[in-house]
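Q: need a 3D model of the following:
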Amino acid sequence: MLLTPHAFGPDAPRQGRDAARLAAALASGGDARIRPDAGGRNIYHASVLPSDALAYGSSTISSISQHAFDTLARRWRHRLDRPVAANDYAEGLAMLRARLADYFGLADAPDTDIVFAASGTDLEYAGLAAAWDGRAITTILLGRDEVGSGCIHSAAGRFFAAETATGARVVAQAAIDPAFAGTELVDVAVRDPAGRPRASAAVAAELSLHIERAAAHGRKAVVHVVHGSKTGLTLPALGDVESLVAAHGAAMTVVVDACQLRIAAAVVRRYLALGCVVLMTGSKFAGGPPFAGFALVPAALRDRAQPLPAGFRRVATRAEWPAAWPGADTLPASGNFGLLLRLEAALIEMERFAAVPPERVTAIAERFGHHVAQLVRRLELADVPGTGAACLATRTLHTLDLSRRWPQCDFDAARAIHVAIARQSRRWLGQEIRVGQPVRTHMMPDGRAAGTLRLSLSMPLIAELAVLPPAAIDARLDSDMTLVGAAISAAASTTPALRLPVPLG
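A: Numbers count the residues shown, from 1 in each chain. Alright, predicted model coming up:
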């Protein structure tokens, strides 16, 4: 494992040992998705130590920044060899709850509950717990290809893998508790077959129809909406979500998938005021290490919630749920040092980002969009269309359609390109490049899903660019996008499925 962190202060000789101990702690307390291989990478190719990669893949996952790593090392250096006791874990999470409340400006909603979990996929269980009132549940999932891949299982109350973040061995796709054994799943598309985002009104109308059908059968609807999907879509628009809440009330609970965290605090507060559960993670736009998530839950939902079903003992610990939540005291009392560290690392980045003036963020995002557009033209690619709304999600995330330049580039070929870039870019270019995983957004004429890649800004990258003068920002982005283009071209040239000539990066 390559140890690259800067010196931790006056006792620099301990640097390597401290870095290895902190890296090991950060990769603990989770399931197989978080465990590094012999090279210190997880299954998403993210490193457990800070990396010098050109990191434009925060739409998928992120590695910890040097800044967050050094901050954690200074605070926790003398605790790295000791497990965190249950009481200390609860105290640490309580402090993080207070910092999150400050970040999202929840002074006017002091009773908002915060649930912690290992990932956005795990957070789906919080949405179910907030919605469950004894009736069978109909989960209406919006855009299954543009949310977490395991959400089709966890949103339906099923285990999404054979191991949970608590270490429990379970049966994948079995119900986490008998209370959810009868949960049905309905999928609603966010794009048409050509890849164009559906109109918000049309999506809302289809959601409304499914809510009415669930109610007619005596079922409770859990309605998922997306704010910043894997490709930056926000559907339905907030105004249409307001109309759904006004029309259906207690017949449904709305769960907002904002796991990319490309969402303004004021918008989060609007969702909470509507009675929505808002899911977010710290390992994508926030730029924290994988995996760490938190759900904001209006107090009114907690107050009428049923006690947590016994199955939650296998997916969560006591401190991760608010003490006032019914049944939280039945969860096992234990600590998870890794999750605590990952959550704190994400908050370090969130608070640093909050100090960047909003107009500066907008200017950086606009220059990023300009240089991505130049890359698209140079490689003869295309942008996958978005909703057109100018917001944090659309400004900081772009999805590239590779099939425009390489007609044989389907989803599997794009996955091969993505892996090749992750593994070979340093050998090819002398610089590691990180881009976002492919997403199924539209079909090619032969019916196969088209190949895509994503480029995205993260909070740490924006904070880094924000201290530069405008000319230096343009020079940096121009240089970075040139390297990204060269990496895409080189990877395409090594992909057997692509037979057409490869353009220059």
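
Q: drop to CA atoms for contacts and neighbour counts, all remaining ones
A: Noted.

Q: where does the residue lying closest to Arg367 once chain neighbours are set aside land on pLDDT?
A: Excluding the flanking residues, the one nearest Arg367 by C-alpha to C-alpha, 6 or more residues apart in numbering is Asp474, at 6.9 Å. pLDDT for Asp474: 98.

Q: same question for Glu351.
A: Value for Glu351, per-residue pLDDT: 97.

Q: again with Pro503
A: 50.

Q: could you pull up the residues touching the nearest residue to Ala416 once chain neighbours are set aside?
A: Closest residue to Ala416 apart from its sequence neighbours, by C-alpha to C-alpha, 6+ apart: Thr495 at 6.8 Å. Going by C-alpha atoms under 8 Å, 6 or more residues apart in numbering, Thr495 touches 413, 416-417.

Q: quick check: which element contains Ala414?
A: helix 411-429 (DSSP states H and E).

Q: and the residue nearest to Arg395 when sequence neighbours are not counted, how close does it get to Leu457?
A: Take Arg395 and drop its neighbours on the chain: the residue closest to it by C-alpha to C-alpha, 6+ apart is Ala365, 5.5 Å away. For Ala365, the distance to Leu457 (C-alpha to C-alpha, to the nearest Å) stands at 8 Å.

Q: these two: which is more packed in?
A: Between Ala365 and Leu457, counting by other C-alpha atoms under 10 Å, Leu457 is the more crowded of the two (26 against 20).

Q: burial count for Pro358?
A: 11.

Q: where does it land on pLDDT?
A: On the pLDDT scale, Pro358 gets 95.

Q: quick check: the residue nearest to Arg367 is in a helix.
A: Yes - checked against DSSP: H, G, I helix; E, B strand; the rest coil, Asp474 lies within a helix.

Q: what about it, neighbour count?
A: 18.

Q: overlap in contacts, Ala365 and Leu457.
A: Common neighbours of Ala365 and Leu457 (C-alpha under 8 Å, 6+ apart) are Thr396.

Q: roughly how far is stretch 319-337 from the heart of the chain?
A: 23 Å (C-alpha atoms, centre = their mean, to the nearest Å).

Q: same question for stretch 247-262.
A: Counting by C-alpha atoms, centre = their mean, stretch 247-262 comes out at 16 Å from the chain centroid.

Q: got the CA coordinates for that stretch in PDB?
A: Written as PDB, here are the backbone C-alpha positions of stretch 247-262 (Å, rounded to 0.1, in the frame of the first residue of the first chain):
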ATOM      1  CA  ALA A 247     -53.200  15.500  -2.900                       C
ATOM      2  CA  HIS A 248     -52.300  12.300  -1.000                       C
ATOM      3  CA  GLY A 249     -51.200  13.200   2.500                       C
ATOM      4  CA  ALA A 250     -51.000  10.300   4.800                       C
ATOM      5  CA  ALA A 251     -51.500   7.800   2.000                       C
ATOM      6  CA  MET A 252     -47.800   8.100   1.300                       C
ATOM      7  CA  THR A 253     -44.400   9.000   2.600                       C
ATOM      8  CA  VAL A 254     -42.000  10.700   0.300                       C
ATOM      9  CA  VAL A 255     -38.300   9.700   0.400                       C
ATOM     10  CA  VAL A 256     -36.000  12.100  -1.400                       C
ATOM     11  CA  ASP A 257     -32.900  10.400  -2.900                       C
ATOM     12  CA  ALA A 258     -30.300  13.200  -2.600                       C
ATOM     13  CA  CYS A 259     -27.500  10.800  -2.000                       C
ATOM     14  CA  GLN A 260     -25.200  12.700  -4.400                       C
ATOM     15  CA  LEU A 261     -25.500  15.600  -1.900                       C
ATOM     16  CA  ARG A 262     -25.700  18.000  -4.900                       C
END
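
Q: which parts of it are buried?
A: Within stretch 247-262, the residues that count as buried by 16 or more other C-alpha atoms under 10 Å are 251-262.

Q: got it, and stretch 370-386?
A: 371-373, 375-376, 379, 381-386.

Q: need the residues that contact that stretch.
A: 195-197, 231-233, 394, 398-405, 441, 477-478, 481-482, 485, 503-505.

Q: now for the nearest residue to Pro298 once chain neighbours are set aside, how many residues are close by?
A: Leaving aside its chain neighbours, Pro298 sits nearest to Thr112 (4.8 Å; criterion: C-alpha to C-alpha, 6+ apart). Using other C-alpha under 10 Å, Thr112 has 21 neighbouring residues.

Q: Thr112: what's it in contact with?
A: Thr112 touches 106, 296-299, counting by C-alpha under 8 Å, 6+ apart.

Q: now render those as TSV, adding neighbour count.
A: Output for the contacts of Thr112, formatted as TSV (neighbours: other C-alpha atoms under 10 Å):
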residue	neighbour count
Leu106	18
Leu296	26
Val297	24
Pro298	24
Ala299	20
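
Q: show me those that map onto helices.
A: The helices, defined by DSSP state H, take in Ala299 from the contacts of Thr112.

Q: just the contacts of Thr112 now: which is nearest Arg342?
A: Nearest to Arg342 among those is Leu296, at 17.7 Å by C-alpha to C-alpha.

Q: report the beta-bridge partners for that closest one.
A: Ile114, Val278 (DSSP bridges).

Q: just to revisit the earlier point, now the contacts of Thr495 as TSV including pLDDT, distance to Val225 and neighbour count?
A: Converted to TSV, these look like this (pLDDT from 0 to 100; distance: C-alpha to C-alpha, whole Å; neighbours: other C-alpha atoms under 10 Å):
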residue	pLDDT	distance to Val225	neighbour count
Ala413	97	30	22
Ala416	96	30	20
Ile417	97	30	27
